[in-house]
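Visitor: need coordinates for the following:
(2 chains)
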2 protein chains.
Amino acid sequence: MRILIVGAGGVGSAAARIAVRRSFFDLLVVADYDPDRPQRLVDELGDPRLLATRIDASSAEGVAAVVREHGITHVLNAVDPRFVMPVFNGCFDAGATYLDMAMSLSVRHPEDPYEKTGVMLGDEQFEAAARWSEAGRLALVGIGVEPGLSDVFARYAEDELFSSIDELGVRDGANITVEGYEFAPSFSIWTTIEECLNPPVIFERDRGWYTTEPFSEPEVFHFPEGIGPVECVNVEHEEVILMPRWTGARRVTFKYGLGEEFIGVLRTLHKLGLDSTEQVSVKGVSVAPRDVVAAVLPDPATLGDRMKGKTCAGLLVTGRGKDGTPRSVYLYHVVDNEWSMAQYNSQAVVWQTAVNPVIALELLASGTWRGSGVLGPEAFDARPFLDLLAAEAPHGYGSPWGMEER
Amino acid sequence: MRILIVGAGGVGSAAARIAVRRSFFDLLVVADYDPDRPQRLVDELGDPRLLATRIDASSAEGVAAVVREHGITHVLNAVDPRFVMPVFNGCFDAGATYLDMAMSLSVRHPEDPYEKTGVMLGDEQFEAAARWSEAGRLALVGIGVEPGLSDVFARYAEDELFSSIDELGVRDGANITVEGYEFAPSFSIWTTIEECLNPPVIFERDRGWYTTEPFSEPEVFHFPEGIGPVECVNVEHEEVILMPRWTGARRVTFKYGLGEEFIGVLRTLHKLGLDSTEQVSVKGVSVAPRDVVAAVLPDPATLGDRMKGKTCAGLLVTGRGKDGTPRSVYLYHVVDNEWSMAQYNSQAVVWQTAVNPVIALELLASGTWRGSGVLGPEAFDARPFLDLLAAEAPHGYGSPWGMEER
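Guide: Numbering: from 1, shown residues only, chains lettered A, B, ... in the order given. Just a heads-up that it's a prediction; the model follows:
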C-alpha cells in the first residue's frame, strides 16, 4: 500500500505519527500547500517509508499528478472540507482509493433553511457513486471519529446488539480545559462556527431528512469516565446522512456537547454578525469577521500542552435488543489528552480523529475491508475495526472503546 | 454669547438644532475635523448666526486658534472623550468658558483594578481647577444628560426634597428597539464597551472611591412611563465622581440598564478578546477587534427612523425628607424617540444628551448660572434649569421631567 495524506495540519500529522508505528504500508507521502510543514514532520519521524511533497488541494489535476508521480494506491484527505471535491475527483481520475473525514459541504435551502434541506453534506460525492462503482473504485467517506468511529458503532449495534433500532443518536462531549485561557476552543473555531451555525439535519425514516434552527433540542447528556453532564444540541453532521443509508434506524440525530458557555458564545457571534465570512471594511482595510474571531483566539493546534481533560465520541442506541426487549446502549470512545500528548504528541481531539482512518487503511491493506462505490463506514464489518482499535500494541492501537447499558 | 461646538456628530448636531430655536446667542460656530459635516448642518438649518469650520480637536493650539479667530466666549465639547484634554486646555489658553458632556478618561489601577481606583474620570481636569479659579474662568464639566441632568437632579434633591441623603443612585434604562435588526445598540458600541468594561466606580463617604468587577450588583429597576423592568449593573460614570464633591450624600452609584441580553454580549466580547483596541494581524492586514465589532453593527446615528421606544435618565434618591422621615424619590426625564425624531430629527438618546448643555449655555448667557473653576452641574442652582427644561416653547424647551415617590 502506497498512501498519500493530503494536508499536514493537526489531523494529517497525527495520522502520520500513528501510521509509522504500523507495518501495513510501503510508502507514505505527506503533502501540503506549504511543503515545509510535511518536511518537518518527515524529519521528526525519521521513517524511511515517509516522503514530503507540495500539493494544491484545490486542483483535481494537481492531486491526480501527485498520485501518479508516487504510484499512490490510497489517498487520505486531511484538509479543510472546502477542498473535498477536488481531492475526491483527482483521486478518481488517477485511480486511487479515497478516504476522508468530512464530506462535501452543504448549501442551505434558499427559502426554508430551518425546515428543509438544500444541498446536503456529501450530496456531491454521492452523485458520483455510480461512476465509482462502475469503475470498481472505492471512496470510503467520513472515516474520522465523528463521522467515522460513530458509524462503525452503528454497524456494530445493528449487527450484534439490536433486532430493531428506534434511534441512533451520536453524542459528543468533553471536559477539556485550557490552562491560562478564559476561553480557548479545543478545535478550529472557524470550523466549529461553520458546523454549529448551519441548520442541523435530522433523519426520520417516514419523513426523510429535515432541518431545524441551530442549537435545537438541547439536552444534558451524561458522559462516561468522569466527564459528566454536558449540554448537547443538534448540529449538522455527516452521520445523519450516512447511517440511514446502511442501517434500518427509524431516527438518526447528532448532538454536540458544546456546553452552555460555548453555545452562548456562538449565539452572540451570530447575533452580531461576527460569524460572517463576507469581507467588511474596517478603517480602510478589508477583513472577514470570522477570521478576526479566529485571530484573537489561541490556535488550538498549539495548545496541546496546556490542555487537561478527556474527550468522548459515542453513539446512544435505543430500540429492541436481540431478545426483542427494549434496550438502550451508549457505545463510546474516550481519549485523555495527557495520554495522547505523552504517547503521540497529539492533542486528544486530533488524535481521536486521526486514528480511525489509519485503522481503516490497515483493514483495506489486509483485505479485511473491501468494496467499491462511495461507501460510509457502516458499509463494512465493525468487529475487526473495533478489535484493532482496542488491542494493545503491537497487535492493535491500544485505545479501548466502551459500552454502557442505559 | 459666541459659541463654538467642537464636533458635528450626533450630539453636536442635535445641540445646534436645539440652539437655533433660542435667542440667547449671537454666533454659533460648528467645527469638525471633516468640515463638510458642519457645513451640511449649517446649510440645513439656514440660521444666519451659524458658521461651519474645520478644527483639529487633538491639538490645544488648534482649538485655541479657532476660539480666537471667531471671538468665541463659550466652547461646547461634543467630540469623543479621548479629546477632552486638548479641547479643555485650548479653551483655557484662549480664555473661553468650557462645557463638556464626558470628562477626561480613567486609567485602571495597575495592581488592583477591581478594588482600587487608578486615575479617575475627570482627575486630569480637576488637577487644573486652581488654575481655572485663579484666572476667573469656568469649566462646567459633565453637563449632558448623564452626567448632567442627573447631577442637576442631585442638587435639586438635596436643596428641596431631603434633609440628609443616604444614596444618590443614577439609574438609566430604555425600551428602545430597532426595527429590522436582531441586535443594534442605540449608542456607540465602541463607547459602550469602554464604559461597561472599565471597572465601575462607587463612592462611599467613609471609604472614598473604590472599584468593583464589571457588571457588579445587578438589580432589576422599574422605569416609569411604560418602560418597565430592566436589568441594571454598576458602570463607571462621571456622576460618581461629581456628586460627592457638591452634595453630602453618603453613597453614590451609577447603574446602567443594559438588560440581560446586552450584558451577555459585552461579557462574550470581553471573554473572546473582541473588545480589545490593540491591533491584531488577520490574514496579512492589521485591525483592532473592537473596530471590527463596530463595523459589523449598524451605525446608531443612522437608525433614528427605525427606532421605537423611550429612554429614561434618572436619579434614585434615598434618605430623610425635609420632615426627617425616610423618603425615596426617583427624579427622571423620559424622551420618546418618535417625539424627538418628529420635533428635531434627532434620535432620543442623542437629543436627551444635547438639550442639557444648551440649557446651561442659556443660563450662563442670562447670568442665572455663574461661577469659576472646574465645576459640575451640582455646583449650580437646579430650579431654573429644571424649569427651563420643562417649560413649553417659547418659554422653555418643552421636555418635562418627572418625580415618583418610591
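Visitor: got the CA coordinates for the helix ranked longest in chain A in CSV?
Guide: As assigned by DSSP state H, the longest helix anywhere in chain A is helix A:348-366. The C-alpha trace of helix A:348-366 is given here as CSV (Å, rounded to 0.1, in the frame of the first residue of the first chain):
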residue,chain,number,x,y,z
ALA,A,348,-6.8,14.3,22.3
VAL,A,349,-9.4,15.6,19.7
VAL,A,350,-6.9,15.5,16.9
TRP,A,351,-5.5,12.1,17.8
GLN,A,352,-9.0,10.6,18.2
THR,A,353,-9.9,11.8,14.7
ALA,A,354,-6.7,10.6,13.1
VAL,A,355,-6.5,7.0,14.5
ASN,A,356,-9.6,5.8,12.7
PRO,A,357,-8.6,6.4,9.0
VAL,A,358,-5.3,4.7,9.8
ILE,A,359,-7.1,1.6,11.1
ALA,A,360,-9.3,1.7,8.0
LEU,A,361,-6.2,1.8,5.8
GLU,A,362,-4.8,-1.2,7.7
LEU,A,363,-8.1,-3.2,7.2
LEU,A,364,-8.1,-2.3,3.5
ALA,A,365,-4.4,-3.3,3.2
SER,A,366,-5.2,-6.7,4.7
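Visitor: what's whichever helix or strand comes after it packed up against?
Guide: Toward the C-terminus, helix A:348-366 is succeeded by strand A:373-375 as the next helix or strand (DSSP states H and E). Contact here means 3 or more CB pairs under 8 Å, 6 or more residues apart in numbering or on different chains; DSSP states H and E; on that basis strand A:373-375 packs against helix A:129-134, strand A:138-140. From N, CA and C alone the C-beta is placed, and that goes for glycine too.
Visitor: which stretch among these is buried most, on average?
Guide: The highest average neighbour count among the helices and strands packed on strand A:373-375, using mean count of other CB atoms under 10 Å in any protein chain shown, belongs to strand A:138-140 at a mean of 25.
Visitor: check the offset of that strand from the chain's centre.
Guide: 15 Å (CA atoms, centre = their mean, to the nearest Å).
Visitor: residues contacting whichever helix or strand comes after it, please?
Guide: As assigned by DSSP H and E, the chain's next helix or strand after strand A:138-140 is helix A:149-156. Applying CB atoms under 8 Å, 6 or more residues apart in numbering or on different chains, the external contacts of helix A:149-156 come out as A:142-143, A:168, A:170, A:239, A:242-243, A:246-247, A:249, A:313-315, A:317, A:331, A:333, A:352, A:356, A:376-383, A:385-386, A:389, A:401.
Visitor: okay, the angle between helix A:149-156 and helix A:348-366?
Guide: 50 degrees (axes from the mean of the first three to the mean of the last three CA atoms, to 10 degrees).
Visitor: which parts of stretch A:358-374 are buried?
Guide: A:358, A:359, A:360, A:361, A:362, A:363, A:364, A:365, A:369, A:371, A:373, A:374 (16 or more other CB atoms under 10 Å in any protein chain shown).
Visitor: quick check: residue A:29 vs residue B:95, distance?
Guide: 79 Å (CB to CB, to the nearest Å).
Visitor: ok, those two, which is more surrounded?
Guide: Comparing residue A:29 with residue B:95 by other CB atoms under 10 Å in any protein chain shown, the one with more neighbours is residue A:29, at 25 against 14.
Visitor: got the end-to-end distance for stretch A:249-260?
Guide: 29 Å (CA to CA, to the nearest Å).
Visitor: how close does residue A:349 get to chain B?
Guide: 20 Å (CB to the nearest CB, to the nearest Å).
Visitor: run a quick neighbour tally on that residue.
Guide: 27.
Visitor: can I assume it is in contact with residue A:311?
Guide: Yes: using CB atoms under 8 Å, residue A:349 is in contact with residue A:311, at 5.2 Å.
Visitor: between these two, which contacts overlap?
Guide: With CB under 8 Å, 6+ apart, residue A:349 and residue A:311 have common neighbours A:174, A:176, A:186, A:335.
Visitor: reformat those as a markdown table; add neighbour count and pLDDT.
Guide: Shown next, in a markdown table, are the shared contacts of residue A:349 and residue A:311 (neighbours: other CB atoms under 10 Å in any protein chain shown; pLDDT from 0 to 100):
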| residue | neighbour count | pLDDT |
| --- | --- | --- |
| A:174 | 25 | 93 |
| A:176 | 23 | 90 |
| A:186 | 20 | 75 |
| A:335 | 26 | 97 |
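Visitor: can you tell me which two in those are farthest apart?
Guide: Within the shared contacts of residue A:349 and residue A:311, two members stand farthest from each other by CB to CB: A:186 and A:335, at 11.5 Å.
Visitor: ok, back up a step: and the buried ones among the contacts of helix A:149-156, selectable in ChimeraX?
Guide: Applying 16+ other CB under 10 Å to these, the buried members can be selected in ChimeraX as follows:
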select /A:142,143,168,170,239,242,243,246,247,249,313,314,315,317,331,333,352,356,376,377,378,379,380,382,385,386,389,401
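Visitor: among the contacts of helix A:149-156, name the ones in helices.
Guide: A:239, A:242, A:243, A:246, A:352, A:356, A:382, A:383, A:385, A:386, A:389.
Visitor: ok, now which ones touch whichever residue of the stretch 51-200 of chain A sits closest to chain B?
Guide: Closest residue of the stretch 51-200 of chain A to chain B, CB to the nearest CB: residue A:183 (4.7 Å). Counting by CB under 8 Å, 6+ apart, residue A:183 touches A:261, A:265, A:297, B:271, B:272.
Visitor: mind putting the residues you listed into CSV with pLDDT and secondary structure?
Guide: Putting these into CSV (pLDDT from 0 to 100; DSSP: H, G, I helix; E, B strand; the rest coil) gives the following:
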residue, pLDDT, secondary structure
A:261, 87, helix
A:265, 93, helix
A:297, 91, coil
B:271, 91, helix
B:272, 93, helix
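Visitor: intersection of neighbour lists for residue A:186 and residue A:335?
Guide: If you check residue A:186 and residue A:335 against CB under 8 Å, 6+ apart, the residues they both contact are A:311, A:348, A:349.
Visitor: the first one falls within a helix, correct?
Guide: Translated: residue A:311. No: assessed with DSSP: H, G, I helix; E, B strand; the rest coil, residue A:311 is strand; it does not lie in a helix.
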